[in-house]
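*Asks:* based on what follows, work out the 3D shape:
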Amino acid sequence: MPSFQQGQKLFGITIKISGYNDKQSILLDKILYTLKKGTPKKGFKLLKKADSAAIENGKKHKPYEQAIAASQRLLLSPSWTPDERLSAVDKTTLPSITAFHQTFFSVLDIAVLSHGNV
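*Replies:* Below is the predicted model:
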């Protein structure tokens, strides 16, 4: 049974699909369809709330984890503090996400790594 993980990177997203290859193409089609479709209106508030909660929880991490995160912010550019990220989430609106979604998916640079019984 195939499974997937998604992650956000500084300049894009990562989708990792694993499992038997006979169903991976079906799963990838469903993932890409969902990404292309965008965020539903009723799901936007939940996603915004979950993102704010994740950022707030990050501010409660152990001191050494916060130090590592701070050093990563110094090394990576651009980067934002948790407070800056919370401020951005608070200002985010559904129309702004819709506009970004259209821009983001108008220019794609796809990199693929495949291994195993493909």
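
*Asks:* from memory residue 56 sits against residue 83, does it?
*Replies:* No - here residue 56 does not reach residue 83: they are 10.3 Å apart, not a contact under C-beta atoms under 8 Å. All C-beta atoms are positioned from the backbone trio N, CA, C, and that covers glycine.

*Asks:* quick one, what contacts residue 92?
*Replies:* Taking C-beta atoms under 8 Å, 6 or more residues apart in numbering, we find residue 92 in contact with residue 48.

*Asks:* mind checking what secondary structure residue 33 has?
*Replies:* helix (DSSP: H, G, I helix; E, B strand; the rest coil).

*Asks:* what distance do you get for it to residue 27?
*Replies:* Residue 33 sits 11 Å away from residue 27, going by C-beta to C-beta, to the nearest Å.

*Asks:* these two - which one has more neighbours?
*Replies:* residue 27 (17 against 9; other C-beta atoms under 10 Å).

*Asks:* for that one, report the pLDDT, please.
*Replies:* Residue 27 is assigned a predicted lDDT (pLDDT) of 89.

*Asks:* packing partners of the longest helix along the chain?
*Replies:* Counting residues, the longest helix found in the chain (DSSP state H) is helix 41-58. Under the contact criterion of 3 or more C-beta pairs under 8 Å, 6 or more residues apart in numbering; DSSP states H and E, helix 41-58 touches helix 82-91, helix 94-104.

*Asks:* so which other helices or strands are in contact with the last one?
*Replies:* Counting contacts by 3+ C-beta pairs under 8 Å, 6+ apart, helix 94-104 is packed against helix 41-58.

*Asks:* quick one: contacts for residue 17?
*Replies:* 2-4, 24, 27-28, 31.

*Asks:* report pLDDT for it.
*Replies:* Model confidence at residue 17, given as pLDDT, is 88.

*Asks:* what about the chain, any weak spots by pLDDT?
*Replies:* For the chain, applying pLDDT under 70 flags the ranges 10, 39, 118.
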